[in-house]
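A.B. asks: attaching a predicted model along with its sequence, questions to come.
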Amino acid sequence: MSLSPTPFSPAFLHGTKADLKIGDLIEVGYASNFLKETTLSWVYFTSTLDAAIWGAELAAGEGRERVYLVEATDPYEDDPNLTDKKFQGNPTRSYRSRKPLKVIAEVLHWQGHSPEQIQNMRQGLERLRQLGSDVIID
């Protein structure tokens, strides 16, 4: 099901280590934050602050962890990487689009996960890599 932005669309967030400015576009064709060797044909975003924080904390790179408020510029759909196969429905309210996301603002004050939680998540992702299950449905 493809969804389109409306005047009453939910707020969307994108977690990353990229240093972006208001008005910048997050576009397809860049390396994944999670699989460096993979160039993605979708941009990914969420409606939950927790999922965006995980995106920032787990993103590749050396930059500061950032969470941006973004606007979908065209239709979007549920992210199949986190829906149906892993979680029935879309409890993480995760989405993707082939069209750019426009940076509206940076969320400056947020509480990250504990070092233990991040380490556990990284270990889980490493286990998936070792099993060859770290595939992004792109």
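C.D. replies: Cool, got the structure.

A.B. asks: now for the longest helix seen in the chain, which elements pack on it?
C.D. replies: For the chain, the helix that runs over the most residues, judged by DSSP state H, is helix 115-131. On a contact count with 3 or more CB pairs under 8 Å, 6 or more residues apart in numbering; DSSP states H and E, helix 115-131 meets helix 49-58. Bear in mind the C-beta positions are built from the backbone N, C-alpha and C, glycine included.

A.B. asks: what's near enough to touch the nearest residue to Gly29 once chain neighbours are set aside?
C.D. replies: Among residues not flanking Gly29 along the chain, Thr39 sits closest, at 6.2 Å (CB to CB, 6 or more residues apart in numbering). Each residue near Thr39 by CB atoms under 8 Å, 6 or more residues apart in numbering is listed here: 29-32.

A.B. asks: and the pLDDT at Thr39?
C.D. replies: For Thr39, the pLDDT comes out at 80.

A.B. asks: JSON lines please, covering the contacts of Thr39 and showing secondary structure, pLDDT and neighbour count.
C.D. replies: Output for these, formatted as JSON lines (DSSP: H, G, I helix; E, B strand; the rest coil; pLDDT from 0 to 100; neighbours: other CB atoms under 10 Å):
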{"residue": "Gly29", "secondary structure": "coil", "pLDDT": "83", "neighbour count": "8"}
{"residue": "Tyr30", "secondary structure": "coil", "pLDDT": "78", "neighbour count": "12"}
{"residue": "Ala31", "secondary structure": "strand", "pLDDT": "72", "neighbour count": "13"}
{"residue": "Ser32", "secondary structure": "coil", "pLDDT": "74", "neighbour count": "16"}
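
A.B. asks: just flag the most distant two among the residues you listed.
C.D. replies: Farthest pair in the contacts of Thr39 (CB to CB) is Gly29 and Ser32. Separation: 11.2 Å.
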